[in-house]
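[1] Quick one, structure for this:
(one chain, ligands or ions: 1)
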Amino acid sequence: MTDRTHLGDVPPDWLAASTSLAQATRELVEAVALSDADATVLDEARSEVAALTERLRATARPHALRPGPADLAALRAADAGSIVVRPTNPGAVPLEISVRADTAEATWTAGPVHEGPPGSLHGGTSASLLDSVLGTLVQVRGTPAVTGTLTVRYRRRVPLGVPLTVSAALGERDGRRLPVTGRIEAGGEVCVEAEALFVAVER
Ligand SMILES: CCCCCCCC(=O)SCCNC(=O)CCNC(=O)[C@H](O)C(C)(C)COP(=O)(O)OP(=O)(O)OC[C@H]1O[C@@H](n2cnc3c(N)ncnc32)[C@H](O)[C@@H]1OP(=O)(O)O
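    Next up is the predicted model:
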């Protein structure tokens, strides 16, 4: 299993089990961040988590699974479709990104783990969400590319606990330069705007 590096390479039942474990782990992270249990309970929990870590580490891959060329090619061939990014990586925000023509969109609800200013989303997480959705659109509609520049304008605080819409639109390619714009909206209001320049690379 460890030589498989792409989401499309693994059997569906294994992917479902890993996705479910990753989600349970995100819930554990939130429970740890918010826990007000006694120090004894925290010590016991640490031992149990350490034992589980040891068990899973025994079969670790060199990298977390990501969408592969075949996953992207299937979406590239269609005018519209969706792709799930980072479902098995509990350290990342999992997103189902819908791509239609030269636009992309994903919905996600932020929790307390991603809090920055009181009651609202950390600015780095907003930038990361935008980079993921803009970057995925570029990979699907353009070519392998990396973020050269990402400019983010924070118009208003992004609320926690409500569905956020993260969207992107691809501009006109100029040589290796691929411009993309994006935004994060909550309740129909634009909270964050982004302008990015991706640069095409070999791989
Ligand atoms: C979940 C899935 C999400 C996937 C998407 C996630 C995207 C990411 O987060 S990528 C990670 C963050 N980005 C990086 O690590 C990139 C690091 N930087 C690099 O690798 C290089 O600097 C790189 C590739 C951008 C440019 O280097 P290089 O290949 O030598 O290109 P170079 O010859 O300098 O420039 C090529 C063209 O792009 C332009 N360009 C290069 N960098 C930039 C930049 N930062 N801003 C604007 N333009 C740039 C140049 O002006 C040049 O234009 P032209 O061809 O018209 O003269």
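[2] where along this protein do the strands fall?
    Listed in chain order, the strands of the chain (DSSP state E) span residues 80-85, 95-100, 103-109, 145-154, 163-170, 177-186, 189-200.
[3] And those strands: which comes nearest the ligand?
    With distances scored as C-beta to the nearest ligand atom, the stretch of those nearest to the ligand is strand 145-154 (3.0 Å). In this view, the C-beta of every residue, glycine as well, is placed from N, C-alpha and C.
[4] neighbouring strands for the closest one, and are they parallel or not?
    Within its sheet, and counting by DSSP bridges, strand 145-154 is paired with strand 189-200 (antiparallel).
[5] Single out the residue in the protein that lies closest to the ligand.
    For the chain, the residue positioned closest to the ligand under C-beta to the nearest ligand atom is Gly135, at a distance of 2.3 Å.
[6] Against Ala110, how distant is the residue of the chain most remote from its centre?
    Distance from the C-alpha centroid of the chain, by C-alpha atoms, centre = their mean, peaks at Thr40 (34.5 Å). Look at Thr40 and Ala110: by C-beta to C-beta, to the nearest Å, they are 32 Å apart.
[7] Output the contacting helices and strands for the worst-scoring helix or strand of the chain on mean pLDDT.
    Of all the helices and strands that make up the chain, the one with the lowest confidence by mean pLDDT, DSSP states H and E is helix 69-77; it has a mean of 85. The criterion is 3 or more C-beta pairs under 8 Å, 6 or more residues apart in numbering; DSSP states H and E, and the helices and strands that helix 69-77 contacts are strand 80-85, helix 123-141.
[8] can you tell me which of those the model trusts least?
    If these are sorted by mean pLDDT, strand 80-85 sits at the bottom with a mean of 93.
[9] so what secondary structure elements neighbour it?
    Here strand 80-85 touches helix 69-77, strand 95-100, helix 123-141, going by 3+ C-beta pairs under 8 Å, 6+ apart.
[10] List the buried residues in the last one.
    Within helix 123-141, the residues that qualify as buried are 125-127, 129-141, counting by 16 or more other C-beta atoms under 10 Å.
[11] what's it packed up against?
    Secondary-structure packing of helix 123-141 (3+ C-beta pairs under 8 Å, 6+ apart): helix 69-77, strand 80-85, strand 95-100, strand 103-109, strand 145-154, strand 163-170, strand 177-186, strand 189-200.
[12] Just want the angle from it to strand 103-109.
    Computed with axes from the mean of the first three to the mean of the last three C-alpha atoms, to 10 degrees, the direction of helix 123-141 lies at 140 degrees from that of strand 103-109.
[13] can you check the second one too?
    Following the same axes, to 10 degrees, one obtains 150 degrees for the angle between strand 95-100 and strand 103-109.
[14] From here on, call the first residue 855.
    Got it, the first residue is 855 from now on, which makes the last one we talked about strand 949-954.
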